[in-house]
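Enquirer: What follows is a predicted protein model with its sequence.
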Amino acid sequence: MVSRLNYATKPSQEDKLENVLGSVKGIDLNPLAVLTARINYFINISDLLEDNLDIEIPIYLGDSSYVPSEYILDCVQCLKYTINTLKGPLEIIIPKSCVSDSSLFSKTMSNIEYHIKALDVDAVYESLINLCDDEDKTEEVKSSILTLSEKFIELENQEWNGIWARIVTNFLTTANIGQFDLIVGNPPWIDWKNLPAGYRSRIKELCLERHLFSGDGVTGGINLNICALISNVAAENWLAQEGILSFLMPHNLIFQQTYEGFREFWTSKGNLYLQELFDWGKSGHPFKPVTINFSTYVYSRKFVDYETGVPVHCINKKKGSPPLSAYAQETSYENVAISFDVNSKLAGTIHTLNNIFSYAEDEEQLQKYKAIVGVSSYKGREGVEFFPQELFLLDYIKTTSGKLEFTNYQGGTRSKHKIVKQNVLLEKEFVHPLVKGVDIEPFSVKQTSYYVPFPYEEGSRKALPPSELTKRSPLLAKYFLKNKKTLEQQTDYNDKIIGEKNISAFYSLARVGAYTYGSHFVCFRDNTKWQAAVISELETPWGEMKRPLFQNHAVSISQREDGTFISLAEAHFICAILNAPSVKSYMENSSDSRSFKIRPPVNIPQYDENDPVHAKLSELSKDAHALKGEDKPIDNVLLEIDTLVTNGL
């Protein structure tokens, strides 16, 4: 950017330099990033500099998510900011007139460093008060500036060097750097839950004020990525009315419920609208080792009707092209463009209840999605948290004297729990087949590989207490007691899910409810691939028919909204809708593939056996399951299902 402005037509070197310094400014919270940017800036303007020329490179150390706020002190317009230090908070209240001339303010604050080192509080005070307009020098303002001056000296006395004046300069200057036609950046991608607690508390009110939370605590409405706040603050404070903001941010911001508020992109000067999106998800991970999918979001205040779609440019790395590391020294995309294909799509909002975007090939496909979106009468349930897997997942070996012999699962080098491989002998009563997410295919569930102990009475959310389990299944009780220390290491998060009133034993499991005990289930994956199947009891290798249990990434539907269990015909009706090609396309193009909604935003009315369309869909699902069982194609069945589903239910 600096280089381009450098070559812009200006009558003199001096005018070029003034144009660059006034037009290109930057902010970063990382001191090393600020230093690096300043060096690069200096290199790019070096040919415009003359000897003994006094300039300030306008790259500032500052927090783009938390800028100085306006504050009225004794009827004087001020800036207020708090910098947290290891010696306590440094609160700054200073008239806006002090920073109105950013160059003068910067030079004055640099000179103040010498006064601080000399422990001369009067000189610090005089330097600061002289920056203020005369009418702003009220008694309360003078007192505030004196307090700040004394704080600088106090920090110096505690052997914290005088650089604090320079830090304050940077943070306050961010409130007065001007309005810009173009703001570009790559803000940090840090989830709310990973932010320091104190920082979360400081910015929470700002997030609420800017309507950034979705408000849905159950689905993560109180979660957020800090980049969403930074983009909003940047637009509010520094974007000109006709300006454009372009940020690199995680791709899931357009899909996830938690960013419902962010996608509205409210500012006091009017909402911003997504103008176009550059999707780098298949570009070869330019930021390795970071593998989070990301996009370039381009916003302005120009209105866009999201229902008709926003242009999307998918940048896909060509097979056989050089690794991206081969282009590490390139500074122009034009020089690496040969390694990429660019495919065009649309992203639009089609659901009346949210503003989640969906990808589509064209506007016609967007409109087709409208025929299938809606509210599901059935709620999916996440599978049981069988952790640690190395204790709960068991591989069947044989039956010996009426007892079942297993070996325990081994998680490999990345496993959190290192539990030695061992033979495990158990009674039959509490052992069930396990369905994992990867086992689920369209209209089919693979032969289960693992079995799990499930020490629960039929219909109960509470595990059998050790005293009862010892009587009914002594081998299982002994197995749990042998591994009690490991089982007790499960997180507080699991305890919160289980609920205090339902924790009856150290081997209690999370996500067990009435829904666990149905007779028929529709199961589907909650990530990667959208596909569903119907499953009832499974025959075990020892000859019993047992209800399957589902692990956490295998979602299941077993109940109606009133809590009654679904019938087999009803399960097939639901399954047919979920597997309809248009529904599959919609779900995979409206979600981050790492996380599908467990209550699909698809129109699934409650099953009516007297409705001929409902009954037909149920029969088609049964046909598809039968064909899959015989390893025959189901294309014609899928086509018929899709026609029924897209014509409206």
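Expert: Received it, and whenever you're ready, just let me know what you need.

Enquirer: Residue 542 in helix, strand or coil?
Expert: Under the three-state scheme (DSSP: H, G, I helix; E, B strand; the rest coil), residue 542 adopts coil.

Enquirer: bridging residues for the residue lying closest to it once chain neighbours are set aside?
Expert: Leaving aside its sequence neighbours, residue 542 sits nearest to residue 399 (CB to CB, 6 or more residues apart in numbering; 4.8 Å). Glycine gets a C-beta too; all of them are placed from N, C-alpha and C. With DSSP bridges as the criterion, residue 399 is bridged to residue 404.

Enquirer: Can you name the residues that contact residue 399?
Expert: When contacts are counted by CB atoms under 8 Å, 6 or more residues apart in numbering, residue 399 is found next to 405, 541, 542.

Enquirer: Need those residues in JSON lines (columns: neighbour count and pLDDT).
Expert: Conversion of the contacts of residue 399 to JSON lines gives the following (neighbours: other CB atoms under 10 Å; pLDDT from 0 to 100):
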{"residue": "405", "neighbour count": "15", "pLDDT": "98"}
{"residue": "541", "neighbour count": "13", "pLDDT": "97"}
{"residue": "542", "neighbour count": "15", "pLDDT": "97"}
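
Enquirer: Tell me the one of those nearest residue 464?
Expert: Distance to residue 464, by CB to CB, is smallest for residue 542 among the contacts of residue 399, at 21.6 Å.

Enquirer: is it true that residue 123 touches residue 117?
Expert: No. Checked against CB atoms under 8 Å, the pair residue 123 and residue 117 is beyond contact range at 10.9 Å.

Enquirer: Got phi/psi on the residue lying closest to residue 317 once chain neighbours are set aside?
Expert: Residue nearest to residue 317 in three dimensions, not counting chain neighbours: residue 284, with 3.9 Å by CB to CB, 6+ apart. Phi and psi for residue 284, reported as degrees, to the nearest 10, are phi 100, psi 20.

Enquirer: Touching, residue 284 and residue 325? I think so.
Expert: No. With contacts counted by CB under 8 Å, residue 284 stays clear of residue 325, the gap being 9.7 Å.

Enquirer: out of those two, which sits in the more crowded spot?
Expert: residue 284 (17 against 9; other CB atoms under 10 Å).

Enquirer: quick one, what contacts the more buried one?
Expert: 317, 323, 324.

Enquirer: For it, give its distance to residue 328.
Expert: Using CB to CB, to the nearest Å, we find residue 284 at a distance of 13 Å from residue 328.

Enquirer: before we move on, what about residue 648?
Expert: Residue 648 is 54 Å from residue 328, by CB to CB.

Enquirer: Give me the more crowded residue out of the two.
Expert: Legend: neighbour count by other CB under 10 Å for residue 648 and residue 328, higher for residue 648 (10 against 7).

Enquirer: Spatially, which residue comes closest to the more buried one, not counting chain neighbours?
Expert: Using CB to CB, 6+ apart, the closest residue to residue 648 is residue 371 (6.2 Å).

Enquirer: Repeat that for residue 230.
Expert: Closest to residue 230 by CB to CB, 6+ apart is residue 187, at 4.1 Å.

Enquirer: which phi and psi does the one you found have?
Expert: According to degrees, to the nearest 10, residue 187 has phi -70, psi 160.
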